[in-house]
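[1] based on what follows, work out the 3D shape:
(one chain, ligands or ions: 1)
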Amino acid sequence: MNVMYINNISMNYGKIKALNNINLTISKGLYGLLGENGAGKSSLIRIITGRQKPTNGEVIFNNASVKRNKEFHQALGYMPQNFKAPEDMRCYEYLTYVGMYKGLSMNQINENIDWLVNILNLNDHINKKIKNLSGGTLRRLGIAQAFINQPSFVILDEPTAGLDITERRNFRDFVSRYSEKNTVIISTHIVSDIEYIASDLILLKKGNVISNGKYKDQLNEIQGMVWECKDREDKILSLRKLVENYGGIITNYKGEDPMENQLRYISSIKLSDTSVSAIPNLNDYYLWKMWRQQ
Ligand SMILES: Nc1ncnc2c1ncn2[C@@H]1O[C@H](COP(=O)(O)OP(=O)(O)OP(=O)(O)O)[C@@H](O)[C@H]1O
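    Down below sits the predicted model:
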């Protein structure tokens, strides 16, 4: 089984401290790397793929540094945040080229292209030139090239940007199944991309890891603290104030209907008779952690 150790990684760009002494261990499963814009996700990803030299620290994959590590290169599938491909190539030519670069035989390449074209719904586009693809289709081509070698260690930086709801769902189903036997790291600031499918969650804030562990255990941290309340607008407005006064946070609010506003909040105690306990979700946990680390 693959194991990656991220040891004491720091990254400074001049005076900007993008990453502060990051320590993580990555093995099998689906890892969600979640953080606000500018939290340091892409910097960390470029460093763990060996494409960027950190200011400090090292990344070890199966006992050797990721730099010039042939085993890592063969195990890796990677889609960068700003995925680009040669515009005049057709999709199948490009996937063939990436497969050859990864050292696959033509038979393997053709089999894997068929597999990915079906999974990612690229049938209607595979003969098109890359310059003629829509943004969402280009993104799916980026995902396909990352999987062309059936990698055991996959890193996807913002993979679903530009995908419609159906394609997002297909993608989530696919990576969820794939991560049962392999490592998949998904970097995103979109909570729903990894909700329910992540086995592990890493939260980054301003270059620091503020939470790292098994997704289920993390949600358990706020078990019994999440409440939902449906009530008249004036009652909900008073409840909002109470939540703030008692050191809680609001994680969702719907106020279109004045006779039935809805509020979801986190608080160690129930703050109104009409509140009912709710099952914690990733949005609750994310907002809770980000708020506590201010
Ligand atoms: N090449 C660079 N030169 C200077 N500063 C950089 C460079 N790359 C990133 N930064 C800065 O480092 C910090 C972290 O950026 P990074 O892109 O790693 O974050 P991110 O979490 O991926 O953000 P986003 O979700 O917006 O892509 C930001 O303050 C960013 O402006």
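
[2] what sits against the residue lying closest to residue 181 once chain neighbours are set aside?
    With sequence-adjacent residues excluded and distances taken as Cβ to Cβ, 6 or more residues apart in numbering, residue 181 is closest to residue 28, at 7.3 Å. C-beta coordinates here come from the backbone N, C-alpha and C atoms, glycine included. By Cβ atoms under 8 Å, 6 or more residues apart in numbering, the contact set of residue 28 is 1, 2, 179, 181, 182, 183.

[3] quick check: the fourth one vs the ligand, distance?
    Pointing back at residue 181 there. Distance from residue 181 to the ligand, counting by Cβ to the nearest ligand atom, to the nearest Å: 28 Å.

[4] same deal with the first one?
    Using Cβ to the nearest ligand atom, one obtains 28 Å as the distance from residue 1 to the ligand.

[5] what of the last one?
    Summarising the geometry, the distance separating residue 183 from the ligand, computed by Cβ to the nearest ligand atom, is 20 Å.

[6] which ones are touching that residue?
    If you count contacts by Cβ under 8 Å, 6+ apart, residue 183 has them with 2, 4, 26, 27, 28, 29, 31, 152, 153, 154.

[7] closest one of those to residue 127?
    Of all those, residue 127 sits closest to residue 154, with 26.0 Å by Cβ to Cβ.

[8] rewinding a little: hmm, which of the contacts of residue 183 are the buried ones?
    Neighbour counting over the contacts of residue 183 (16 or more other Cβ atoms under 10 Å) leaves 2, 4, 26, 28, 29, 31, 152, 153, 154 as the buried ones.

[9] name the nearest of the residues you listed relative to the ligand.
    The nearest member of the buried ones among the contacts of residue 183 to the ligand, counting by Cβ to the nearest ligand atom, is residue 31 at 15.0 Å.

[10] helix, strand or coil for that closest one?
    Following DSSP: H, G, I helix; E, B strand; the rest coil, residue 31 is assigned to strand.

[11] was I right to think it contacts residue 188?
    No. Residue 31 is beyond contact range of residue 188, at 11.1 Å (criterion: Cβ atoms under 8 Å).

[12] so how far is stretch 108-123 off the chain centroid?
    When C-alpha coordinates are averaged (Cα atoms, centre = their mean, to the nearest Å), stretch 108-123 and its chain have centres 23 Å apart.

[13] my error: substitute stretch 82-93 in the last question.
    Here stretch 82-93 is found 24 Å from its chain centre; the criterion is Cα atoms, centre = their mean.

[14] report the rounded mean pLDDT for it.
    Averaging pLDDT along stretch 82-93 gives 96.

[15] next: stretch 30-49.
    Mean per-residue pLDDT for stretch 30-49: 94.

[16] could I get that stretch in PDB with only the CA atoms?
    Extracted in PDB, the C-alpha atoms of stretch 30-49 (Å, rounded to 0.1, in the frame of the first residue of the first chain):
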ATOM      1  CA  LEU A  30     -10.400   9.700  -0.500                       C
ATOM      2  CA  TYR A  31      -8.800  12.800   1.100                       C
ATOM      3  CA  GLY A  32     -10.600  16.100   0.900                       C
ATOM      4  CA  LEU A  33      -8.300  19.000   1.100                       C
ATOM      5  CA  LEU A  34     -10.600  21.900   1.900                       C
ATOM      6  CA  GLY A  35      -9.900  25.600   2.600                       C
ATOM      7  CA  GLU A  36     -10.800  29.100   1.600                       C
ATOM      8  CA  ASN A  37      -9.200  30.900  -1.400                       C
ATOM      9  CA  GLY A  38      -5.600  31.500  -0.700                       C
ATOM     10  CA  ALA A  39      -5.400  28.900   2.200                       C
ATOM     11  CA  GLY A  40      -2.400  27.200   0.500                       C
ATOM     12  CA  LYS A  41      -4.100  24.200  -1.100                       C
ATOM     13  CA  SER A  42      -2.500  24.500  -4.600                       C
ATOM     14  CA  SER A  43       0.900  25.300  -3.100                       C
ATOM     15  CA  LEU A  44       0.700  22.100  -1.000                       C
ATOM     16  CA  ILE A  45      -0.400  20.100  -4.000                       C
ATOM     17  CA  ARG A  46       2.400  21.400  -6.300                       C
ATOM     18  CA  ILE A  47       4.900  20.500  -3.500                       C
ATOM     19  CA  ILE A  48       3.500  17.000  -3.000                       C
ATOM     20  CA  THR A  49       3.600  16.200  -6.700                       C
END
